[in-house]
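1. 3D, please:
(one chain, ligands or ions: 1)
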Amino acid sequence: MSEEGGDAMSEETDGAMSGTDPESSAPESSAPESSAHSTGLQIKDLTIRFGGNTAVDSADFAAPLGRVTGLIGPNGAGKTTTFNACSGLLRPSQGEIRLFGKDITGRPPAARAQLGLGRTFQRMDLFDSLTVEQNIALGREAGLARSHPLKQLLSTPAEMRAVRAATEEVIELCGLRALRHEIAGSLSTGQRRLVDLGRVLAGDFQMLLLDEPSSGLDTAETEKFGEIVTRVVAQRGCGVLLVEHDMGLVMSVCDYLYVLDFGQMIFEGTPAEVRASSAVRAAYLGSEAA
Ligand SMILES: Nc1ncnc2c1ncn2[C@@H]1O[C@H](COP(=O)(O)OP(=O)(O)OP(=O)(O)O)[C@@H](O)[C@H]1O
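-> As a prediction, this is how the structure comes out:
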(Lines give C-alpha, C1' and ligand atoms only; values in the text may rest on other atoms or scores of the structure.)
Protein backbone atom coordinates (compact mmCIF):
# COMPACT_ATOMS: atom_id res chain seq x y z
CA MET A 1 0.00 0.00 0.00
CA SER A 2 1.21 3.50 -0.72
CA GLU A 3 1.95 5.90 2.09
CA GLU A 4 1.57 9.37 0.72
CA GLY A 5 0.82 11.52 3.74
CA GLY A 6 1.12 8.94 6.50
CA ASP A 7 4.89 8.78 6.29
CA ALA A 8 6.71 6.41 8.55
CA MET A 9 9.06 8.62 10.56
CA SER A 10 11.61 6.16 11.76
CA GLU A 11 10.64 3.13 10.88
CA GLU A 12 -21.36 12.38 15.25
CA THR A 13 -23.81 10.98 14.24
CA ASP A 14 -25.90 11.55 17.46
CA GLY A 15 -26.19 15.14 16.29
CA ALA A 16 -23.26 16.75 18.03
CA MET A 17 -20.19 15.38 19.70
CA SER A 18 -21.16 15.08 23.30
CA GLY A 19 -19.84 14.29 26.74
CA THR A 20 -17.92 16.20 29.31
CA ASP A 21 -14.66 18.04 28.95
CA PRO A 22 -11.97 15.50 29.87
CA GLU A 23 -9.76 18.11 31.45
CA SER A 24 -12.37 19.84 33.57
CA SER A 25 -13.08 16.75 35.67
CA ALA A 26 -9.57 15.30 36.00
CA PRO A 27 -8.82 14.17 39.56
CA GLU A 28 -7.27 17.07 41.43
CA SER A 29 -5.11 14.87 43.61
CA SER A 30 -2.98 13.52 40.80
CA ALA A 31 -2.78 16.49 38.45
CA PRO A 32 0.46 18.47 38.62
CA GLU A 33 0.25 22.22 39.11
CA SER A 34 1.22 23.18 35.58
CA SER A 35 -1.86 23.11 33.39
CA ALA A 36 0.22 22.70 30.22
CA HIS A 37 1.75 19.64 31.82
CA SER A 38 -1.50 18.15 33.12
CA THR A 39 -3.05 18.37 29.68
CA GLY A 40 -0.88 15.37 28.85
CA LEU A 41 -1.34 14.46 25.22
CA GLN A 42 -3.38 16.79 22.98
CA ILE A 43 -4.26 16.04 19.38
CA LYS A 44 -5.63 18.74 17.11
CA ASP A 45 -6.95 18.35 13.56
CA LEU A 46 -5.01 15.11 13.05
CA THR A 47 -5.26 13.92 9.47
CA ILE A 48 -3.38 10.98 8.01
CA ARG A 49 -3.69 9.95 4.39
CA PHE A 50 -2.32 6.88 2.70
CA GLY A 51 -2.48 7.76 -0.95
CA GLY A 52 -6.14 8.52 -1.65
CA ASN A 53 -7.29 6.86 1.59
CA THR A 54 -7.88 9.24 4.51
CA ALA A 55 -7.29 6.91 7.44
CA VAL A 56 -7.77 9.67 10.05
CA ASP A 57 -9.73 12.82 9.25
CA SER A 58 -9.33 15.99 11.36
CA ALA A 59 -9.42 14.18 14.68
CA ASP A 60 -9.26 16.14 17.95
CA PHE A 61 -8.82 14.52 21.32
CA ALA A 62 -6.94 14.73 24.60
CA ALA A 63 -5.48 12.22 27.02
CA PRO A 64 -4.82 14.13 30.27
CA LEU A 65 -2.74 13.03 33.22
CA GLY A 66 -4.45 11.10 35.99
CA ARG A 67 -6.92 9.52 33.57
CA VAL A 68 -7.28 6.49 31.36
CA THR A 69 -8.48 7.67 27.98
CA GLY A 70 -9.77 5.09 25.53
CA LEU A 71 -9.71 5.24 21.76
CA ILE A 72 -12.15 2.74 20.29
CA GLY A 73 -13.81 1.97 16.99
CA PRO A 74 -14.46 -0.84 14.55
CA ASN A 75 -11.79 -2.53 12.45
CA GLY A 76 -10.13 -0.09 10.05
CA ALA A 77 -11.45 2.97 11.94
CA GLY A 78 -7.98 4.49 12.23
CA LYS A 79 -7.05 3.68 15.82
CA THR A 80 -3.65 2.17 15.14
CA THR A 81 -2.84 4.90 12.65
CA THR A 82 -3.70 7.54 15.27
CA PHE A 83 -1.71 5.67 17.88
CA ASN A 84 1.33 5.45 15.61
CA ALA A 85 1.14 9.17 14.92
CA CYS A 86 1.04 9.84 18.68
CA SER A 87 4.10 7.69 19.32
CA GLY A 88 6.03 9.12 16.36
CA LEU A 89 6.01 6.15 14.01
CA LEU A 90 3.89 8.02 11.44
CA ARG A 91 4.10 11.60 10.29
CA PRO A 92 0.65 13.23 10.06
CA SER A 93 -0.47 14.75 6.76
CA GLN A 94 -1.95 17.58 8.80
CA GLY A 95 -2.52 18.57 12.41
CA GLU A 96 -0.66 18.92 15.65
CA ILE A 97 0.37 16.62 18.48
CA ARG A 98 1.31 18.21 21.80
CA LEU A 99 2.78 16.50 24.83
CA PHE A 100 2.77 18.38 28.13
CA GLY A 101 2.21 21.57 26.12
CA LYS A 102 5.11 20.99 23.71
CA ASP A 103 4.57 20.53 20.01
CA ILE A 104 6.01 17.08 19.24
CA THR A 105 4.43 16.63 15.80
CA GLY A 106 7.75 16.34 13.98
CA ARG A 107 9.75 14.66 16.71
CA PRO A 108 10.93 11.05 16.39
CA PRO A 109 9.89 8.35 18.91
CA ALA A 110 13.11 8.59 20.94
CA ALA A 111 12.66 12.32 21.49
CA ARG A 112 9.04 11.72 22.59
CA ALA A 113 10.26 9.05 25.00
CA GLN A 114 12.70 11.52 26.50
CA LEU A 115 9.80 13.90 27.09
CA GLY A 116 7.95 11.17 29.01
CA LEU A 117 5.95 9.24 26.42
CA GLY A 118 6.12 5.45 26.71
CA ARG A 119 4.31 2.83 24.64
CA THR A 120 3.63 -0.87 24.39
CA PHE A 121 3.16 -2.74 21.14
CA GLN A 122 0.42 -5.19 20.28
CA ARG A 123 3.19 -7.56 19.22
CA MET A 124 5.36 -7.68 22.30
CA ASP A 125 9.10 -7.51 21.78
CA LEU A 126 10.42 -8.96 25.02
CA PHE A 127 13.91 -10.39 25.19
CA ASP A 128 12.98 -14.06 25.36
CA SER A 129 16.34 -15.27 26.67
CA LEU A 130 16.36 -12.80 29.55
CA THR A 131 14.49 -13.16 32.82
CA VAL A 132 11.38 -11.23 33.78
CA GLU A 133 13.47 -9.10 36.12
CA GLN A 134 16.07 -8.36 33.44
CA ASN A 135 13.42 -7.39 30.91
CA ILE A 136 11.84 -4.99 33.37
CA ALA A 137 15.19 -3.51 34.37
CA LEU A 138 15.88 -2.85 30.69
CA GLY A 139 12.82 -0.61 30.63
CA ARG A 140 14.61 1.73 33.00
CA GLU A 141 18.09 1.23 31.57
CA ALA A 142 16.86 2.16 28.11
CA GLY A 143 16.03 5.56 29.52
CA LEU A 144 19.64 6.01 30.57
CA ALA A 145 20.86 4.80 27.18
CA ARG A 146 18.56 7.29 25.43
CA SER A 147 20.63 10.17 26.72
CA HIS A 148 23.87 8.42 25.71
CA PRO A 149 24.40 4.77 24.67
CA LEU A 150 27.57 4.42 26.77
CA LYS A 151 25.60 5.43 29.85
CA GLN A 152 24.07 1.98 29.91
CA LEU A 153 27.52 0.45 30.33
CA LEU A 154 28.87 3.12 32.61
CA SER A 155 25.98 3.69 34.98
CA THR A 156 26.72 5.49 38.19
CA PRO A 157 25.92 3.76 41.49
CA ALA A 158 22.97 6.14 41.90
CA GLU A 159 21.64 5.16 38.48
CA MET A 160 22.07 1.47 39.25
CA ARG A 161 20.15 1.96 42.49
CA ALA A 162 17.40 3.75 40.57
CA VAL A 163 17.16 0.84 38.11
CA ARG A 164 16.93 -1.66 40.98
CA ALA A 165 14.31 0.42 42.81
CA ALA A 166 12.20 0.86 39.68
CA THR A 167 12.44 -2.87 38.91
CA GLU A 168 11.36 -3.85 42.43
CA GLU A 169 8.46 -1.40 42.42
CA VAL A 170 7.17 -2.69 39.11
CA ILE A 171 7.57 -6.37 40.04
CA GLU A 172 5.34 -5.68 43.05
CA LEU A 173 2.89 -3.52 41.10
CA CYS A 174 2.42 -6.12 38.38
CA GLY A 175 2.34 -9.12 40.74
CA LEU A 176 5.41 -10.67 39.12
CA ARG A 177 7.41 -11.65 42.22
CA ALA A 178 6.95 -15.41 41.70
CA LEU A 179 8.05 -15.12 38.07
CA ARG A 180 10.97 -12.73 38.42
CA HIS A 181 13.66 -15.30 37.66
CA GLU A 182 11.75 -17.06 34.87
CA ILE A 183 12.96 -16.72 31.29
CA ALA A 184 10.55 -14.50 29.36
CA GLY A 185 10.41 -16.98 26.49
CA SER A 186 8.86 -19.59 28.79
CA LEU A 187 5.91 -17.41 29.86
CA SER A 188 2.26 -17.52 28.79
CA THR A 189 0.83 -14.67 26.71
CA GLY A 190 -0.90 -13.27 29.77
CA GLN A 191 2.31 -13.28 31.79
CA ARG A 192 4.23 -11.74 28.89
CA ARG A 193 1.68 -8.90 28.70
CA LEU A 194 2.34 -8.11 32.34
CA VAL A 195 6.10 -8.12 31.78
CA ASP A 196 5.64 -5.89 28.74
CA LEU A 197 3.56 -3.50 30.85
CA GLY A 198 6.14 -3.73 33.62
CA ARG A 199 8.91 -2.82 31.25
CA VAL A 200 7.20 0.37 30.14
CA LEU A 201 6.23 1.16 33.74
CA ALA A 202 9.88 0.86 34.80
CA GLY A 203 10.70 3.67 32.40
CA ASP A 204 10.24 7.15 33.74
CA PHE A 205 7.16 7.88 31.61
CA GLN A 206 4.23 10.07 32.54
CA MET A 207 2.12 9.33 29.51
CA LEU A 208 1.60 5.73 28.45
CA LEU A 209 0.23 4.54 25.14
CA LEU A 210 -1.13 1.00 25.41
CA ASP A 211 -1.89 -0.76 22.13
CA GLU A 212 -4.50 -3.52 22.47
CA PRO A 213 -2.98 -4.91 25.67
CA SER A 214 -5.72 -7.51 26.15
CA SER A 215 -4.82 -9.22 22.90
CA GLY A 216 -4.31 -12.93 23.64
CA LEU A 217 -5.47 -12.68 27.26
CA ASP A 218 -8.32 -14.63 28.83
CA THR A 219 -11.02 -12.92 30.89
CA ALA A 220 -9.26 -13.30 34.23
CA GLU A 221 -5.96 -12.06 32.84
CA THR A 222 -7.69 -9.09 31.20
CA GLU A 223 -9.32 -8.20 34.52
CA LYS A 224 -5.99 -8.39 36.31
CA PHE A 225 -4.38 -6.26 33.65
CA GLY A 226 -7.15 -3.65 34.01
CA GLU A 227 -6.71 -3.55 37.78
CA ILE A 228 -3.00 -2.90 37.42
CA VAL A 229 -3.54 -0.09 34.92
CA THR A 230 -6.10 1.54 37.24
CA ARG A 231 -3.73 1.23 40.20
CA VAL A 232 -0.79 2.66 38.28
CA VAL A 233 -2.76 5.75 37.24
CA ALA A 234 -4.09 6.25 40.76
CA GLN A 235 -0.66 5.87 42.35
CA ARG A 236 1.47 7.73 39.85
CA GLY A 237 -0.96 10.24 38.41
CA CYS A 238 0.25 9.38 34.92
CA GLY A 239 -1.96 9.46 31.85
CA VAL A 240 -2.88 6.47 29.71
CA LEU A 241 -4.16 6.35 26.14
CA LEU A 242 -5.62 2.92 25.53
CA VAL A 243 -6.45 1.48 22.12
CA GLU A 244 -8.47 -1.63 22.79
CA HIS A 245 -11.11 -3.93 21.32
CA ASP A 246 -12.13 -5.64 24.55
CA MET A 247 -15.20 -3.66 25.65
CA GLY A 248 -15.13 -5.18 29.13
CA LEU A 249 -11.65 -3.77 29.72
CA VAL A 250 -12.43 -0.45 28.04
CA MET A 251 -15.62 0.12 30.02
CA SER A 252 -14.03 -0.85 33.32
CA VAL A 253 -10.77 1.10 33.18
CA CYS A 254 -11.43 4.16 31.00
CA ASP A 255 -12.50 7.48 32.45
CA TYR A 256 -13.28 8.93 29.07
CA LEU A 257 -13.64 7.54 25.56
CA TYR A 258 -13.25 8.71 21.99
CA VAL A 259 -14.90 6.76 19.21
CA LEU A 260 -13.47 6.65 15.70
CA ASP A 261 -15.34 5.37 12.66
CA PHE A 262 -13.94 5.50 9.12
CA GLY A 263 -11.29 7.94 10.35
CA GLN A 264 -13.86 10.36 11.85
CA MET A 265 -14.24 11.03 15.55
CA ILE A 266 -17.97 10.28 15.82
CA PHE A 267 -18.46 10.50 19.59
CA GLU A 268 -16.76 11.25 22.89
CA GLY A 269 -17.91 10.82 26.45
CA THR A 270 -17.78 8.75 29.58
CA PRO A 271 -18.18 4.98 29.27
CA ALA A 272 -21.83 5.37 30.33
CA GLU A 273 -22.42 8.01 27.65
CA VAL A 274 -20.74 5.89 25.03
CA ARG A 275 -22.80 2.89 26.10
CA ALA A 276 -25.99 4.95 25.76
CA SER A 277 -25.13 6.35 22.33
CA SER A 278 -27.18 4.95 19.49
CA ALA A 279 -24.58 6.29 17.05
CA VAL A 280 -21.83 4.29 18.71
CA ARG A 281 -24.00 1.21 18.84
CA ALA A 282 -24.76 1.59 15.17
CA ALA A 283 -21.12 2.09 14.25
CA TYR A 284 -19.43 -0.38 16.46
CA LEU A 285 -20.67 -1.78 19.69
CA GLY A 286 -23.92 -3.39 18.65
CA SER A 287 -25.66 -5.23 21.44
CA GLU A 288 -22.48 -5.16 23.58
CA ALA A 289 -23.24 -1.53 24.53
CA ALA A 290 -26.83 -2.18 25.57
N1 LIG B 1 0.52 1.61 6.01
C2 LIG B 1 -0.67 1.79 5.44
N3 LIG B 1 -0.78 2.04 4.12
C4 LIG B 1 -1.99 2.22 3.56
N5 LIG B 1 -3.16 2.19 4.22
C6 LIG B 1 -3.10 1.94 5.54
C7 LIG B 1 -1.85 1.72 6.22
N8 LIG B 1 -2.12 1.51 7.54
C9 LIG B 1 -3.45 1.58 7.67
N10 LIG B 1 -4.03 1.83 6.48
C11 LIG B 1 -5.47 2.01 6.25
O12 LIG B 1 -5.91 3.02 7.14
C13 LIG B 1 -7.21 2.70 7.63
C14 LIG B 1 -7.18 2.67 9.15
O15 LIG B 1 -6.39 1.53 9.56
P16 LIG B 1 -6.00 1.27 11.08
O17 LIG B 1 -5.12 0.09 11.10
O18 LIG B 1 -5.50 2.52 11.68
O19 LIG B 1 -7.41 0.90 11.70
P20 LIG B 1 -7.72 0.30 13.16
O21 LIG B 1 -8.88 1.06 13.72
O22 LIG B 1 -6.50 0.25 13.97
O23 LIG B 1 -8.17 -1.18 12.78
P24 LIG B 1 -8.02 -2.54 13.62
O25 LIG B 1 -8.96 -2.44 14.79
O26 LIG B 1 -8.45 -3.59 12.66
O27 LIG B 1 -6.58 -2.66 14.05
C28 LIG B 1 -7.62 1.38 6.98
O29 LIG B 1 -8.39 1.67 5.82
C30 LIG B 1 -6.27 0.77 6.60
O31 LIG B 1 -6.41 -0.08 5.50
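
2. so how far is Arg164 from the residue lying farthest from the centre of the chain?
-> Distance from the centre of the chain peaks at Pro157, with 31.3 Å (C-alpha atoms, centre = their mean). According to C-beta to C-beta, to the nearest Å, Pro157 stands 10 Å off from Arg164. Every C-beta, even on glycine, is put in place using the N, C-alpha and C of the backbone.

3. return the residues of the chain in contact with the ligand.
-> 1, 3, 50, 53, 55, 73, 75-81 (C-beta under 6 Å from any ligand atom).

4. what distance separates stretch 96-114 from the centre of its chain?
-> 14 Å (C-alpha atoms, centre = their mean, to the nearest Å).

5. how about stretch 187-197?
-> 16 Å.

6. residues contacting it, please?
-> With C-beta atoms under 8 Å, 6 or more residues apart in numbering as the test, stretch 187-197 has contacts from 120-121, 124, 126, 132, 135-136, 174-176, 179, 184, 210, 213-218, 221, 224-225, 228-229.

7. report pLDDT for the most centrally placed residue in the chain.
-> Nearest to the mean C-alpha position of the chain, counting by C-alpha atoms, centre = their mean, stands Leu209 at 1.4 Å. Looking at Leu209, its pLDDT reads 95.

8. just give me the neighbour total for Thr54.
-> Neighbour count of Thr54, defined by other C-beta atoms under 10 Å: 18.

9. what sits against it?
-> Thr47, Ile48, Gly263.

10. dump the residue contacts of the last one.
-> For Gly263, the contacting residues are Thr54, Ala55, Val56, Asp57, Ala59, Ala77, Gly78, by C-beta under 8 Å, 6+ apart.

11. ditto for the second one
-> Applying C-beta under 8 Å, 6+ apart, one finds that Ile48 lies in contact with Gly5, Gly6, Thr54, Ala55, Val56, Gly78, Thr81, Thr82, Ala85, Leu90, Pro92, Ser93.

12. let's have those residues in a markdown table, adding pLDDT and secondary structure.
-> As requested, the contacts of Ile48 are exported to a markdown table (pLDDT from 0 to 100; DSSP: H, G, I helix; E, B strand; the rest coil):
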| residue | pLDDT | secondary structure |
| --- | --- | --- |
| Gly5 | 50 | coil |
| Gly6 | 57 | coil |
| Thr54 | 96 | strand |
| Ala55 | 97 | strand |
| Val56 | 97 | strand |
| Gly78 | 95 | coil |
| Thr81 | 95 | helix |
| Thr82 | 96 | helix |
| Ala85 | 96 | helix |
| Leu90 | 95 | strand |
| Pro92 | 96 | coil |
| Ser93 | 96 | coil |
